[in-house]
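Asker: What shape does this take:
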Amino acid sequence: MTHLGLRKLLEGLYALHANGEPATLDRLREEMQDNVPLVNKAFELQDRGLAHGDRRAWLSALLEHFRLKREKAAARELKERLGSVVDHAAALEILRQLQHRSTESGPDTTSRGDGAASGPTSPAPGVRSSEAREGING
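Answerer: Okay, the predicted model is just below:
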């Protein structure tokens, strides 16, 4: 985890659990008096998550969003490597990897091929991308 604030929250929750205390934001608030805005943001995001009626479906959609994001990043990295390869055998291997990735994950259904997205672009139903970034970066 690269976000220092999120790492601090997670480490604090794990420390509470390891000490046999309830790993709750209420309890963590007492430990993190030095970073009140971070704790307040965590409570805001917790409330937003608790407000969803079908949290399992929301979590599934969120996990799928990040899986697709990882897949696209990996494919983009392979394409960048392909552009810089001078060895024919290495280029063929990268092409095989790209082809294998595309058959594993199936066709990209979020784009019509004209640059306009046709599928959902938010990380989960009811959450705008800007809200997700605020929650992570805020």
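Asker: switch to C-alpha atoms for all contacts and neighbour counts from now on
Answerer: Noted.
Asker: Name the residues of stretch 41-54 that are buried.
Answerer: Taking 16 or more other CA atoms under 10 Å as the neighbour-count basis, stretch 41-54 is seen to contain the buried residues 42, 45.
Asker: what ranges do the helices span in the protein?
Answerer: Secondary structure of the chain (DSSP state H): helices located at 4-18, 25-31, 36-50, 55-84, 88-105, 129-137.
Asker: TSV for these, including mean pLDDT?
Answerer: As requested, these are arranged in TSV below (pLDDT from 0 to 100):
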stretch	mean pLDDT
helix 4-18	92
helix 25-31	88
helix 36-50	91
helix 55-84	90
helix 88-105	81
helix 129-137	43
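Asker: next one: phi and psi at residue 51?
Answerer: Residue 51 has phi and psi values of phi -70, psi -20 when expressed as degrees, to the nearest 10.
Asker: quick one: it from residue 22, how far?
Answerer: Summarising the geometry, the distance separating residue 51 from residue 22, computed by CA to CA, to the nearest Å, is 22 Å.
Asker: ok, residue 99 to residue 85 distance?
Answerer: Taken as CA to CA, the spacing of residue 99 relative to residue 85 amounts to 17 Å.
Asker: before we move on, what about residue 19?
Answerer: For residue 19, the distance to residue 85 (CA to CA) stands at 52 Å.
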